[in-house]
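Undergrad: Structure, please.
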Amino acid sequence: MLKLEKFEIRQTDFALSADMVLEPRTKYAVIGPSGAGKSTLLNAICGFISLSGGRLLWQGSDITQADPADRPMTMLFQDNNLFPHLSVQQNVGLGLRPDLRLQRDEKDRVAQALARVGLQDHADKRPGALSGGQQSRAALARVLVQARPLVLLDEPFAALGPALRNEMLDLVQSLIEETGAALMMVTHAPQDVRRIADQVIFVEGGRAHAPQPAAALMDNPPPELRAYLG
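TA: Numbering: from 1, shown residues only. Model (predicted):
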């Protein structure tokens, strides 16, 4: 369980606050207007942005000052963050060891992750030789090998066409269910929410609102969310 307690981010012309609890094995969609702070929220949870106030608690332990690598979560960014000079296998291996000095069991984990996302025959290729969908799969494999209990996705499939996007969402859902992780996914697409989310976190007006059941919220949105959805 992850608790955001009086969680506050303040920058020059931006502020965002939150008080909420994220439960295990639950899929959260983070939605809201552009510039509202959805990506900032995820970056702060992961430790890439410092809090101005409040605490972040994991299973009751304070991780507010913990380094990103020491937090029980992993994040997939919009650009997939693949290194072009490394092979797919090496890019996935970075999820286990930044120096890529993998032990035999770690190499096996990388191979298993690549097989799970259908890239076992592309392990020695570089990202530039892959399609957009294959690059997304490689990035997912790196998330998979880390086996963290919370996975954060910052619109990693925004550049994909509708059919491939749905395919990737279904793969994410399958991997999340297999590993038992919780998911927190930023999206602008209401159809993504209906396809994958259990709960919705609406970010608007300087606040990340506490999660609400996805189906009920999308069927009967409050005025602010209705205005965003159009």
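
Undergrad: Okay, domains of this protein per the record?
TA: 1-20+27-72+148-230, 84-147 (automatic domain parsing).

Undergrad: From the chain's centroid, how far away is the last one?
TA: When you say that, I think you mean domain 84-147. Here the centre of domain 84-147 is set off from its chain's centre by 17 Å, with C-alpha atoms, centre = their mean, to the nearest Å.

Undergrad: Likewise for the first one?
TA: What separates the centre of domain 1-20+27-72+148-230 from the centre of its chain is 8 Å, taken as C-alpha atoms, centre = their mean.

Undergrad: so what's Glu204 up against?
TA: 32-33, 36, 224-225, 228 (C-beta atoms under 8 Å, 6 or more residues apart in numbering). To be clear about C-beta, it is placed using only N, CA and C from the backbone, and glycine gets the same treatment.

Undergrad: buried stuff in the top helix by length along the chain?
TA: When the chain is parsed with DSSP state H, its longest helix is helix 162-179. By 16 or more other C-beta atoms under 10 Å, the buried positions in helix 162-179 come out as 165-169, 171-172, 175-176, 179.

Undergrad: Just name the closest of these to Arg109, please.
TA: Proximity of the buried residues of helix 162-179 to Arg109, judged by C-beta to C-beta, is greatest for Thr179, which lies at 12.3 Å.

Undergrad: which residue ranges form the strands in this structure?
TA: Ranges of strands in the chain, per DSSP state E, are 2-11, 14-22, 27-31, 53-58, 61-62, 73-76, 150-154, 182-186, 199-204, 207-208, 212-213.

Undergrad: Could you tell me the least trusted of those strands?
TA: Comparing the strands of the chain by mean pLDDT, the weakest confidence falls on strand 73-76, with a mean of 88.

Undergrad: Work out the sheet partners of it and label each with its direction, please.
TA: Partners of strand 73-76 in the sheet, by DSSP bridges, are strand 150-154 (parallel).

Undergrad: The strand it pairs with vs strand 182-186, what angle?
TA: On the basis of axes from the mean of the first three to the mean of the last three C-alpha atoms, to 10 degrees, strand 150-154 is oriented at 10 degrees to strand 182-186.

Undergrad: Run through who's touching strand 150-154.
TA: Under C-beta under 8 Å, 6+ apart, the answer for strand 150-154 is 2, 22, 38-39, 42, 45-46, 72-78, 143, 172, 176, 181-186.

Undergrad: for this protein, which spans come out with low pLDDT?
TA: The model of the chain has pLDDT under 70 over residues 79-80.

Undergrad: quick one: the most far-flung residue of it relative to its centre from Val110, how far?
TA: The centre of the chain is farthest from one residue, Arg104, which by C-alpha atoms, centre = their mean lies 28.1 Å away. According to C-beta to C-beta, to the nearest Å, Arg104 and Val110 sit 11 Å apart.

Undergrad: Repeat that for Gly93.
TA: Distance from Gly93 to Val110, by C-beta to C-beta: 5 Å.

Undergrad: In contact with Thr187, which residues?
TA: 29-31, 155, 193.

Undergrad: biggest separation within the residues you listed, which pair?
TA: Glu155 and Val193 (12.8 Å).

Undergrad: higher neighbour count, those two?
TA: Neighbours per residue (other C-beta atoms under 10 Å) separate Glu155 from Val193, with Val193 holding more: 23 against 19.
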